[in-house]
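1. pasting the sequence and the predicted model now:
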Protein chains: 2
Amino acid sequence: MTIAVTRQGAPVSKTSHADAPSPGGPEAAAPGGTVPDGTVRYLRIGDLELESGARLPDVTLGYESWGTLNADRSNAVLIEHALTGDTHVTRGGSEEPGWWEQLAGPGAPVDTDKYFVVSINILGGCYGSTGPSSTAPDGKPWGSRFPLVTLRDTTEAEARLADALGIRSWYAVLGGSLGGARALEWAVSYPERVQRCAVISVGASSTAEQIAFAQAQTLAIRLDPNFNGGDYYGGPEPEAGLALARRIAHITYRSAAELDGRFGRNAQDSEAPLEAGSLAGRGRYQVESYLDHQGNKLVRRFDANSYIAITEALMSHDICRGRGALAEALAPATAAFLVAAVDSDRLYFPAQSRALAAALPGEVAVHTIQAPIGHDGFLTEIGQLNDQLRQHFFG
Amino acid sequence: MTIAVTRQGAPVSKTSHADAPSPGGPEAAAPGGTVPDGTVRYLRIGDLELESGARLPDVTLGYESWGTLNADRSNAVLIEHALTGDTHVTRGGSEEPGWWEQLAGPGAPVDTDKYFVVSINILGGCYGSTGPSSTAPDGKPWGSRFPLVTLRDTTEAEARLADALGIRSWYAVLGGSLGGARALEWAVSYPERVQRCAVISVGASSTAEQIAFAQAQTLAIRLDPNFNGGDYYGGPEPEAGLALARRIAHITYRSAAELDGRFGRNAQDSEAPLEAGSLAGRGRYQVESYLDHQGNKLVRRFDANSYIAITEALMSHDICRGRGALAEALAPATAAFLVAAVDSDRLYFPAQSRALAAALPGEVAVHTIQAPIGHDGFLTEIGQLNDQLRQHFFG
């Protein structure tokens, strides 16, 4: 379902939290408001000078938090979401299950009874932060005018939110996939503000292949007749394009073995992939129906322009840009690192995690999540890191 | 450039052979015509009952040949092209280089001075065979009405062409990728007509992941505003959709290491991927420009509906359908087999070739093409099989 928040400065958001209360808008932004744990709050962080040279005015960040910041402000943990993720890491006061419940919650490694856990919707997103669907100063949605944001821009924005919450230094910053890239960027951009950093299922930069798959996805959205150069708000949305983008992405999130084991060459229900009369239509294979479902599910909860904006931010992921070779770029980081990868990941290859770990200061091992599923193991199998996380970070 | 052949029964084709003489149309179909080696001829093979139950009337196949069929008709070799391939395997009388010159030609393993070499444009294609751009009996292009064809349909059509050429049994049938699937289907559908069979860079069936990537490609074409359900002939063509399909495919044809080694995160020339003002436009990474080029190159030489038709034929690739388990399905084949795979192939995994080889009758080894390029090594590195081919097939 779509919840449109049209108050000044607040984003027009789609959300999957059908039962969540309406977001409060920026007036609910003050830290320590009455919003329960695990529901979205908003903070206005002012104008942002972007890496591209553009200026994004009056930026709002959506975030959720769980638990309480202690007196010496030493127990704050930041959990960064992935490409189409949101801030709802775990339940808290909400009934809606979170996407990393194995990792965070009461009694979990990131124990919300002990730590003050924060999750921030990435700049450019559609879950509370300023993005292409937000209202620009002229009162119209940003649309095609939304500027390119990089992971350094998003990190700078998040540092301002940390300032506002009174968090000088994070006890830990954790994330997987894009979230891992965000975590790593934090540890390098603000070494003194990150004490521990878990970088899961992502390397030190987006590779040519990752950029290539990303381009195909953004082009799928741009190809949709409803896209209108990005200015589709108020009209039909580029749903078919977004669904195709998601299909492409989802294939790369799963391993060939996983898809083949689940679906093989089976036909979907009573559909007949070989009995069509013509090119205009035929029955589907099960794996096609599955990907249709994945695509259509995302369309109901995500803005296509945000998909482009965040995908391009992920393309920008390069810890070395302007910082020298890899080891040199990473040298300023003072955090203790935990690096992990899924053994069957065919998009963010474990070798990329190994290269990152080898270049990080000190001895950093790569913890291997063993799962046939592929990249998405960073979500479904994160529990495999519980021991390592407790031992190294949250003991 | 586009060569439109509008005589009755002949396909409307795009061709990359800009300098080739205009195709002669079906009246040049008789075997032994005066068309020089390495130029397209046409043969009308009558109506075809398809696996789907549909009937395709008055089918034409485009083909090229090189060399001379000997008196006892024992020296005929069939070379099957891949997804967007054509019949131009090697030069012959044409100046245009072929796509498997390392394999076929005077003095090559498939020596055209010794063997009568034939290559057939796949049914559904746009290089001479009846396809969606061909004229239907009502005088209009088939377009959306073109029936789904399977690899068994295409093989049956080719068997009729072999009949017409007087070839009772092929000395050898060879192919890579889709061409390998076509070769395998020949060996199983017509065991008595295939004495030797080389199946390169493809397994015994299209897997769920291969179907998934294929679906994304066909959806990209269908998403193009110019697609018009497949009935776009005479109007603007779905070029952007076809180019996107090709980009997706091309990523899967190359290895991550190859793309990263060639392009890394470099910007294209003076373009600036991070200095765009807005979502509406930014500079490209080199790999994006490269894939743009690959997409645009295909658009100039290939029909979008044929891309869908052949992709769906490849989806249908399943040597087991209606034939039992793999070893049982393969048991009737009497050919000597040569199976090969590219070690870095991330689309048609070498393990799939190993599984095929293990299930084939007799002892069949998998010859590994060692090349970092990925799947496309079956084209660029085919010379690595020369020794094996000479030793086992063409000594």
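-> The structure has been received and is ready for your questions.
2. flag the shaky bits of the stretch 251-395 of chain A, pLDDT-wise.
-> Along the stretch 251-395 of chain A, segments meeting pLDDT under 70 span A:276-278, A:280.
3. what does the stretch 101-250 of chain A give?
-> Those would be none, if you go by pLDDT under 70 across the stretch 101-250 of chain A.
4. would you map the strands across chain A?
-> A:2-3, A:13-14, A:41-49, A:55-66, A:76-80, A:104-105, A:110-111, A:116-120, A:172-176, A:196-200, A:336-342, A:366-369 (DSSP state E).
5. now distance to A:Ala164 too, for the ones you listed, in CSV please.
-> Where C-beta positions appear, they are placed from N, C-alpha and C, glycine not excepted. As requested, the strands of chain A are exported to CSV (distance: least, CB to CB, whole Å):
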stretch, distance to A:Ala164
strand A:2-3, 24
strand A:13-14, 21
strand A:41-49, 6
strand A:55-66, 9
strand A:76-80, 12
strand A:104-105, 22
strand A:110-111, 22
strand A:116-120, 11
strand A:172-176, 17
strand A:196-200, 22
strand A:336-342, 26
strand A:366-369, 33
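6. report the buried residues of stretch A:85-103.
-> A:85-92, A:94, A:96, A:98-100, A:102-103 (16 or more other CB atoms under 10 Å in any protein chain shown).
7. just the terminal-to-terminal distance for that stretch.
-> End-to-end distance for stretch A:85-103: 15 Å, by CA to CA, to the nearest Å.
8. for stretch A:341-361, same thing?
-> 19 Å.
9. same deal with stretch A:111-127?
-> 24 Å.
10. any buried residues in it, and which?
-> Buried residues in stretch A:111-127 (16+ other CB under 10 Å): A:111-112, A:114-127.
11. which among those gets closest to A:Glu275?
-> Nearest to A:Glu275 among those is A:Cys126, at 40.4 Å by CB to CB.
12. tell me the least confident of the buried residues of stretch A:85-103?
-> Model confidence across the buried residues of stretch A:85-103 bottoms out at A:Ser94, which has 79.
13. do you know how far that residue is from B:Leu274?
-> Relative to B:Leu274, A:Ser94 is positioned 37 Å away (criterion: CB to CB, to the nearest Å).
14. give the burial count for A:Cys140, as a bare number.
-> Let me fix one detail, which is that residue A:140 is Lys and not Cys. 12 (other CB atoms under 10 Å in any protein chain shown).
15. what count of nearby residues applies to A:Asn386?
-> 14.
16. if you could redo that for A:Ser144, that was the one I meant.
-> 17.
17. what's the closest non-adjacent residue to it?
-> A:Gly230 (3.4 Å; CB to CB, 6 or more residues apart in numbering or on different chains).
18. likewise for A:Ala157?
-> A:Leu123 (4.8 Å).
19. quick one, phi psi at the one you found?
-> The phi and psi values for A:Leu123, taken as degrees, to the nearest 10, are phi -50, psi 130.
20. got it, and the one 3 residues further on?
-> Dihedral angles phi and psi of A:Cys126 (degrees, to the nearest 10) take the values phi -130, psi 20.
21. roughly how far apart are it and A:Val40?
-> Relative to A:Val40, A:Cys126 is positioned 12 Å away (CB to CB).
22. same question for A:Ala336.
-> Counting by CB to CB - A:Ala336 and A:Val40 are separated by 30 Å.
23. one more: A:Ile211?
-> From A:Ile211 to A:Val40 the distance is 31 Å (CB to CB).
24. next one: A:Gly377
-> 27 Å.
25. OK, contacts around the nearest residue in space to A:Glu258 that is not next to it in sequence?
-> In this structure, A:Glu258 finds its nearest non-sequential neighbour in A:Ile373, 5.0 Å apart by CB to CB, 6+ apart. The contact partners of A:Ile373, by CB atoms under 8 Å, 6 or more residues apart in numbering or on different chains, come to A:254-255, A:258, A:342, A:344, A:380-381.
26. and what of A:Gly283?
-> So A:Gly283 contacts A:267-268, A:270-276 (CB under 8 Å, 6+ apart).
27. quick one: buried residues of stretch A:222-230?
-> Here stretch A:222-230 shows A:222-224, A:226-227, A:230 as buried, counting by 16+ other CB under 10 Å.
28. which ones among those map onto helices?
-> Residues of the buried residues of stretch A:222-230 located in helices (DSSP state H): A:222-223.
29. farthest-separated two in the buried residues of stretch A:222-230?
-> Once CB to CB is applied, the buried residues of stretch A:222-230 give A:Leu223 and A:Gly230 as the farthest pair, at 12.8 Å.
30. report how many residues lie close to the closest residue to A:Ile167 other than its chain neighbours.
-> Nearest residue to A:Ile167 in three dimensions, chain neighbours excluded: A:Ala76, at 4.4 Å (CB to CB, 6+ apart). Neighbourhood size, A:Ala76 [other CB under 10 Å]: 25.
31. repeat for the one 4 residues further on
-> By the measure other CB under 10 Å, the count of residues near A:Glu80 is 29.
32. residue contacts, it?
-> Listed by CB under 8 Å, 6+ apart, the contact partners of A:Glu80 are A:119-120, A:122, A:173-175, A:178-180, A:182-183, A:186.
33. mind listing the residues bridging to the closest residue to it other than its chain neighbours?
-> Nearest residue to A:Glu80 in three dimensions, chain neighbours excluded: A:Gly175, at 3.4 Å (CB to CB, 6+ apart). Here A:Gly175 sits in beta bridges with A:Glu80, A:Val199, going by DSSP bridges.
34. excluding covalently adjacent residues, which one is nearest to A:His367?
-> A:His367 sits nearest to A:Ala340 (CB to CB, 6+ apart), 4.2 Å away.
35. what is the burial count for the one you found?
-> Neighbour tally, A:Ala340, other CB under 10 Å: 26.
36. also A:Glu381?
-> Neighbour tally, A:Glu381, other CB under 10 Å: 16.
37. before we move on, what about A:Leu298?
-> Neighbour tally, A:Leu298, other CB under 10 Å: 22.
38. wait, it touches A:Leu242, no?
-> Yes - the pair A:Leu298 and A:Leu242 passes the contact test of CB atoms under 8 Å, sitting 6.5 Å apart.
39. tell me, what residue is most central in chain A?
-> Nearest to the mean C-alpha position of chain A, counting by CA atoms, centre = their mean, stands A:Ala82 at 2.1 Å.
40. contacting residues around A:Val339?
-> Here A:Val339 is in contact with A:198-200, A:353, A:356-357, A:360, A:364-367 (CB under 8 Å, 6+ apart).
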